[in-house]
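In: Pasting the sequence and the predicted coordinates here, then a few questions.
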Amino acid sequence: MGGSRDSVVQGFTQMLHFYSRPLFGGDRFTDPDDLLPPVAGFPAVGAGESPDRAIDTALRNVPLPEGLMVRMTMLAVTLPDDATDQVR
Amino acid sequence: MALSRTDFVVLIRDHAPALFRIAYRLVGDAHDAEDVVQETLRSAWKSRDSFTRGRGQRAWLAAILRRRVIDRWRRAGKRLVLVGDGPLEIPVRAVDPTTNDFTDEMQYALSQLPKELRESLLLVVVGELTHQETADALGVPLGTVLSRVSRARQRLRKHLVAMSHA
């Protein structure tokens, strides 16, 4: 990515504007009222965290339905032994 | 050597959460995602005799899951109509399962990506497959996956910024 680090930082801090604490250790956003509301499902970027890392975190941020693992395990133990792609 | 049932239960414990998350990001609905995961696991169980130990288990499962999602989309693109003595399949315009009922802005932003970018990104980021495993699962060169993931992230950033200003 080209440009000075300051311009890159400024660009990303403007993009990820919904955080209530300064990004990259700066004091640009010290008043939470200056910030726009958070984008749902998009977690805060930690200090020093890149926007790409924040996107990755948000993509993985999918809560599992209650009981999912129980249902999947029950499926595993109840699948018939003779279920196979092989012709016997 | 085929997977034993015990191995299969361990496999589910280790990989079902990631499979669900990939499925959810692909189809956009929790119930549909769980159905896809169940179909994936049934298919995996049926294919257990051909499972190769040492091969990436998650990559194997993710490849199966991807095929189940494609099957589901194709089924959604057809409507059965009873004509005469039997059913007749009428092709209808397939509805991209990711374009309806967005539960969050990320899901909407994902839907704006071309399918090939979305798939590559989700397999690498949500599935935590290596880029090579993703390339193998999709049947494309490694460089193609690297490019797609990079472009997908760039486009997501743009979409999310645009949405935040809307």
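Out: Good, I have the coordinates. Residues are numbered from 1 along each chain as shown, chains lettered A, B, ... in the order given.

In: what does chain B have sitting close to chain A?
Out: Taking Cβ under 8 Å from any Cβ of the partner chain, the part of chain B that reaches chain A is made up of B:5, B:8-9, B:12-13, B:16-17, B:20-21, B:24-25, B:30, B:34, B:37-38, B:41-42, B:45-50, B:103-107, B:110, B:121-122, B:125-126, B:153, B:156-157, B:160-161, B:163-164. No exception for glycine: its C-beta is placed from N, CA and C like everyone else's.

In: and with 6 Å instead?
Out: Proximity of chain B to chain A (Cβ under 6 Å from any Cβ of the partner chain) is limited to residues B:8-9, B:12, B:16-17, B:21, B:24, B:30, B:38, B:41, B:45-47, B:49, B:104-106, B:125-126, B:153, B:156, B:161, B:164.

In: quick one: low-confidence ranges for the chain?
Out: Since no chain was named, I'll use chain A. A:1-49, A:83, A:85-88 (pLDDT under 70).

In: Oops, wrong one, chain B.
Out: Residues of chain B that meet the cut-off, pLDDT under 70, sit at B:1, B:54-55, B:77-103, B:166.

In: Strands along chain B, start to end?
Out: Taking DSSP state E as the test, the strands found in chain B are B:78-83, B:86-91.

In: Spatially, which residue comes closest to B:L3, not counting chain neighbours?
Out: Here the nearest residue to B:L3 in space, its sequence neighbours aside, is B:R48; by Cβ to Cβ, 6 or more residues apart in numbering or on different chains that works out to 4.1 Å.

In: Likewise for B:L142?
Out: For B:L142, the nearest residue in space outside its immediate sequence neighbours is B:A135; the separation is 4.6 Å by Cβ to Cβ, 6+ apart.

In: ok, now B:H159?
Out: Leaving aside its sequence neighbours, B:H159 sits nearest to B:A109 (Cβ to Cβ, 6+ apart; 4.0 Å).

In: Distance check, the one you found against B:L117.
Out: Taking Cβ to Cβ, to the nearest Å as the criterion, B:A109 is separated from B:L117 by 12 Å.

In: More neighbours: which of those two?
Out: Just comparing B:A109 and B:L117: by other Cβ atoms under 10 Å in any protein chain shown the higher neighbour count belongs to B:A109, 25 against 21.

In: wait, doesn't that one sit right on B:R155?
Out: No. With contact defined as Cβ atoms under 6 Å, B:A109 does not reach B:R155; the gap is 8.2 Å.

In: The spatially most central residue of chain B and B:L138: what is the separation?
Out: Relative to the mean C-alpha position of chain B, the nearest C-alpha, by Cα atoms, centre = their mean, is the one of B:R66, at 4.1 Å. Separation of B:R66 from B:L138 (Cβ to Cβ) stands at 8 Å.

In: Same check on B:S50?
Out: Applying Cβ to Cβ to B:S50 and B:L138 gives a distance of 20 Å.

In: which one of these two has more residues nearby?
Out: Just comparing B:S50 and B:L138: by other Cβ under 10 Å the higher neighbour count belongs to B:L138, 18 against 12.

In: Burial check on the closest residue to B:Q112 other than its chain neighbours, number of neighbours?
Out: With sequence-adjacent residues excluded and distances taken as Cβ to Cβ, 6+ apart, B:Q112 is closest to B:H159, at 5.3 Å. Under the neighbour criterion other Cβ under 10 Å, B:H159 is assigned a count of 18.

In: I'd say B:H159 and B:S111 touch.
Out: No. Using Cβ under 6 Å, B:H159 is not in contact with B:S111, being 9.3 Å away.

In: Just confirm A:P65 is within a helix.
Out: No. In this structure, A:P65 is coil, not part of a helix, as judged by DSSP: H, G, I helix; E, B strand; the rest coil.

In: just how off-centre is stretch B:37-44 within its chain?
Out: Its chain's C-alpha centre and that of stretch B:37-44 lie 12 Å apart, by Cα atoms, centre = their mean, to the nearest Å.
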